[in-house]
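I'll drop the sequence and a predicted model, then ask my questions.
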Amino acid sequence: MAYALWHEKLWSVHLNDQNGLKYDQDKTFGSVDLRRAFNTVWVLERAGYQGCIGLDVKPMRTTKAADQTKHLANSKAMFLRLVDIARAVKPEAIEAFRAERDYEGLEAFVLGKLLGD
């Protein structure tokens, strides 16, 4: 994604999450791998991405009809929360960890932000 952004070739993004390789589960964005979801939002934010962002809507077959759009609402809410977190993190803090090659410190820092520190 970052490569496509750098070349100004990213026109739309399709966000969801997966828990396995068997089939396309289209789970709520960030529900399986919150750190990866944050990284995605971080890259989009830092690049100033202004294109289309799509969210999958695929409720489980046994979901009640009245609840079939909760999946979309949850994905949107998670995306917007991650945008807020990404905007609150100073890029200089991330770069300081990278400059020191302190990747464990970076992980702890980002996880702390995701947990509300």
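Great, that's in hand. Because the structure is predicted, anything quoted here is derived from the model rather than measured. Numbers count the residues shown, from 1 in each chain.

tell me the mean pLDDT over the helix or strand where residue 73 lies?
Secondary structure assignment for residue 73, by DSSP states H and E: helix 70-88. Helix 70-88 carries an average pLDDT of 94.

just checking, what packs against that helix?
On a contact count with 3 or more CB pairs under 8 Å, 6 or more residues apart in numbering; DSSP states H and E, helix 70-88 meets helix 34-47, strand 52-55, helix 103-114. C-betas here are computed from N, CA, C, even on glycine.

Tell me which residues touch residue 99, please.
Listed by CB atoms under 8 Å, 6 or more residues apart in numbering, residue 99 has no contact partners.

Next up, the contacts around the residue nearest in space to the middle of the chain.
By CA atoms, centre = their mean, the mean C-alpha position of the chain lies nearest to residue 37, the distance being 2.4 Å. Counting by CB under 8 Å, 6+ apart, residue 37 makes contact with 15, 17, 29-30, 78-79, 82.

Neighbour-wise, which one of those leads?
Highest neighbour count within the contacts of residue 37: residue 29, with 26 neighbours (other CB atoms under 10 Å).
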